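# fold the following for me, if possible:
(one chain, ligands or ions: 1)
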Amino acid sequence: MSAPLKVGLAGLGTVGTAVVQLLERGRDKLAARCGRPIEIVAISARSRGKKRDVDLKKFRWFDDPVELARDPSIEVLVEVMGGAGDPAKAAIEAALGAGKAVVTANKALLARHGQKLAVLAESRGVALNFEASVGGGIPVIKTLREGLNGDSFTRIYGILNGTCNYILSRMEQDRLAFADCLREAQRLGYAEADPSFDVEGHDTAQKLSILASLAFGTKLDPAAIYVEGISSITLADLDAAAELGYRVKLLGVAVKTEAGIEQRVHPTMVLRESAIAQVMGVTNAVTVDAQGLAPITLVGPGAGGLATASAVVSDIADIARGVRALPFGRPAARMTATRKAPMQHHEGGYYIRLLARDRPGTAATIARRLAQQKISLESIVQRHVSGAERASTSGRSGQPVPVIMITYATSEDAVRRALSAVRRDRVISGRPQVIRIEKN
Ligand SMILES: NC(=O)c1ccc[n+]([C@@H]2O[C@H](COP(=O)([O-])OP(=O)(O)OC[C@H]3O[C@@H](n4cnc5c(N)ncnc54)[C@H](OP(=O)(O)O)[C@@H]3O)[C@@H](O)[C@H]2O)c1
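Numbering: from 1, shown residues only. Model prediction:
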């Protein structure tokens with residue numbers, strides 16, 4: 001058996017602690033599989049005195065993760081501190097600069113500096129592995145980087161944020177409002193105290209930028225992504241979706257179009273019988289469309305200490321075995337600038353829910369505005385208002401009545417123009433709800 005692979009671990013939180021546990025628990029099996037043992041020799045975190053679930057006495061302690069990265073006793077830096085800047089960035093640069101391999105779970109850092117770090121890793125001939133950065137325990141990075149023919153991808157989309165999927169699932173299954181489900185997600189530890197990063201789609205956008213670069217060879221550029229969160233989704237939308245044969249999911253989508261690579265994160269209607277629609281709760285899923293291949297969907301735990309640590313350990317095991325792929329599956333220096341496909345040019349079907357004023361001419365006005373933008377309707381449903389409701393608030397002449405429309409493929413621009421005109425005509429109340437439909 002060869003000499004052990006010596007690991008420096010920066011970060012001892014949810015993921016770092018689970019990495020220590022998994023490496024200890026799987027020590028012999030991993031050694032047998034890799035042909036050499038994997039040993040953590042040194043660690044770093046913010047607070048040395050903090051009580052932790054693992055015994056850390058046998059590891060050398062570093063107050064500064066950058067010093068840990070430079071220390072000659074380690075061959076691999078495992079960065080699980082998080083954060084888009086220093087010390088994570090400085091520590092990774094120090095390790096790569098010193099010719100050491102790096103494993104990281106840090107999507108925020110990769111989304112911002114991934115290409116530069118990949119160029120550095122390639123110039124030193126060392127690995128930069130980041131399986132845990134997207135989809136937690138799902139091996140989606142390896143699948144895109146090594147498992148499929150990289151030139152043939154046409155679209156990649158997925159449920160990349162467990163918190164959002166949990167909220168949408170609970171809303172639908174237990175008939176609860178968004179705010180109640182969010183509170184429940186926070187209570188269960190699925191959502192942060194400040195949940196906006198998750199529910200407004202930014203976490204999904206960071207992960208999508210990594211997937212898009214792997215799939216299409218574009219430079220990582222989260223700013224090129226159109227982002228819309230789930231906080232405006234109501235039970236009425238989920239009910240209408242179910243009635244029309246759809247389910248609402250927060251998807252990250254990257255797709256090759258004639259105008260460039262379209263990258264977008266938004267609530268999306270997916271066909272209820274599709275693989276991605278079956279994914280409920282905190283589970284994540286990614287579907288890959290490639291030429292000449294039926295769609296491939298990978299489903300699994302998107303977060304959590306052990307699931308994420310399993311991806312980290314698999315990355316370390318590759319290094320122990322001497323397996324090294326280019327970080328983004330192609331030379332990073334040749335990744336191309338993203339030609340951002342403007343969202344106004346997005347084409348697809350749309351779900352539109354609006355509150356139409358119940359008075360003569362409303363339907364004709366809405367129909368005229370849609371026709372002016374060459375939007376045709378696949379279906380239109382006017383919700384009946386019950387006798388009780390009619391007697392109380394809505395349903396009297398002039399009061400709003402919910403109308404739900406599904407359009408045939410049209411452009412984002414056309415939908416926006418038509419709805420602005422309808423609002424100017426004052427035949428609807430409030431803002432129309434618009435949800436894009438993804439063919440799948
Ligand atoms: N949690 C998940 O389910 C999950 C899933 C996928 C990816 N990830 C990614 O994995 C990484 C770690 O996440 P986590 O949930 O394990 O985070 P966490 O529980 O907050 O742990 C962060 C760790 O980093 C240490 N740390 C933070 N700032 C530091 C600094 N300036 N110097 C030294 N150490 C520092 C902290 O030290 P103290 O303990 O002393 O405070 C802590 O041990 C992040 O990039 C995250 O995006 C997490």
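# wait, what's in contact with the residue of the chain at minimum distance from the ligand?
The ligand sits closest to residue 13 of the chain, with a gap of 1.8 Å, by Cβ to the nearest ligand atom. Yep, even glycine has a C-beta here, placed from its N, CA and C like the rest. Taking Cβ atoms under 8 Å, 6 or more residues apart in numbering, we find residue 13 in contact with 45, 80, 81, 82.
# in a markdown table: those, plus distance to the ligand.
Shown next, in a markdown table, are those (distance: Cβ to the nearest ligand atom, whole Å):
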| residue | distance to the ligand |
| --- | --- |
| 45 | 4 |
| 80 | 4 |
| 81 | 4 |
| 82 | 3 |
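# out of these, who's the most crowded?
Highest neighbour count within these, by other Cβ atoms under 10 Å: residue 80, with 26 neighbours.
# flag every buried residue along stretch 171-189.
Judged by neighbour count using 16 or more other Cβ atoms under 10 Å, the buried positions of stretch 171-189 are 171, 172, 176, 178, 181, 182, 184, 185.
# partners of the strand or helix carrying residue 155 in the sheet?
Using DSSP states H and E, the element containing residue 155 is strand 153-159. In the sheet containing strand 153-159, the strands it pairs with under DSSP bridges are strand 246-257 (antiparallel), strand 283-290 (antiparallel).
# now tabulate these in a markdown table and tack on mean pLDDT and distance to residue 301.
Shown next, in a markdown table, are the strands paired with strand 153-159 (pLDDT from 0 to 100; distance: least, Cβ to Cβ, whole Å):
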| stretch | mean pLDDT | distance to residue 301 |
| --- | --- | --- |
| strand 246-257 | 96 | 17 |
| strand 283-290 | 96 | 7 |
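# one step back: contacting the ligand as well, which ones from the buried residues of stretch 171-189?
When contact is defined as Cβ under 6 Å from any ligand atom, those do not meet the ligand at all.
# in helices, which of these appear?
Within those, residues falling in helices by DSSP state H are 171, 172, 178, 181, 182, 184, 185.
# low-scoring stretches of the stretch 201-350 of the chain, by residue?
Nowhere does the stretch 201-350 of the chain drop to pLDDT under 70.
# and the helices in the stretch 101-250 of the chain?
Using DSSP state H, counting those that start in this stretch, the helices assigned to the stretch 101-250 of the chain run over residues 107-124, 140-142, 162-174, 178-187, 196-199, 202-216, 235-243.
# residue 334 is nearest to which of the strands paired with strand 153-159?
Across the strands paired with strand 153-159, the minimum distance to residue 334, taken as Cβ to Cβ, is reached by strand 246-257, at 17.8 Å.
# how about the closest residue to residue 193 other than its chain neighbours, what does it touch?
Distances taken as Cβ to Cβ, 6 or more residues apart in numbering place residue 186 nearest to residue 193, at 6.9 Å, with adjacent residues excluded. Contact analysis of residue 186 by Cβ under 8 Å, 6+ apart lists 192, 193, 195.
# dump the residue contacts of the residue nearest to the last one when sequence neighbours are not counted.
Leaving aside its sequence neighbours, residue 195 sits nearest to residue 182 (Cβ to Cβ, 6+ apart; 6.0 Å). When the contact criterion is Cβ under 8 Å, 6+ apart, the partners of residue 182 are 167, 191, 195, 199.
# what does the stretch 301-440 of the chain put close to the ligand?
303, 304, 308.
# could you pull up the contacting residues of the last one?
What it means is residue 308. When contacts are counted by Cβ under 8 Å, 6+ apart, residue 308 touches 14, 15, 18, 105, 132, 136, 137.
# which two from those residues end up farthest apart in space?
Greatest spatial distance in these: 14 and 137, 13.2 Å, computed using Cβ to Cβ.
# which one's more surrounded, those two?
Applying other Cβ under 10 Å to residue 14 and residue 137 shows that residue 137 carries more neighbours, namely 21 against 17.
# list the contacts for the closest residue to the more buried one other than its chain neighbours?
Excluding its sequence neighbours, the residue lying closest to residue 137 (Cβ to Cβ, 6+ apart) is residue 307, at 3.3 Å. Residues in contact with residue 307 (Cβ under 8 Å, 6+ apart) are 136, 137, 300, 301.
# and residue 307, how far from residue 380?
43 Å (Cβ to Cβ, to the nearest Å).
# do the same with residue 76
Going from residue 76 to residue 380 by Cβ to Cβ gives 59 Å.
# repeat that for residue 419.
Using Cβ to Cβ, residue 419 is found at 15 Å from residue 380.
# pull up the distance across stretch 131-145, start to finish.
Distance between the boundary residues of stretch 131-145 (Cα to Cα, to the nearest Å) amounts to 10 Å.
# averaged pLDDT, that stretch. What do you get?
Averaged across stretch 131-145, pLDDT comes to 96.
# quick one: buried residues of that stretch?
Residues of stretch 131-145 classed as buried by neighbour count (16+ other Cβ under 10 Å): 131-145.
# which of these sits closest to residue 286?
residue 140 (4.8 Å).
# coming back round to it: let's have the helices of the stretch 101-250 of the chain in TSV, adding distance to residue 337.
Shown next, in TSV, are the helices of the stretch 101-250 of the chain (distance: least, Cβ to Cβ, whole Å):
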stretch	distance to residue 337
helix 107-124	10
helix 140-142	22
helix 162-174	29
helix 178-187	37
helix 196-199	26
helix 202-216	11
helix 235-243	36
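# out of these, which gets nearest to residue 279?
Residue 279 lies closest to helix 162-174 among the helices of the stretch 101-250 of the chain, at 6.7 Å (Cβ to Cβ).
# contacts for that closest one, please.
With contacts defined as Cβ under 8 Å, 6+ apart, helix 162-174 is touched by 136, 159, 176-178, 181-182, 184-185, 190-191, 195, 198-199, 201, 203-204, 229-230, 233, 235, 238, 242, 247-250, 267, 279-284, 301-303.
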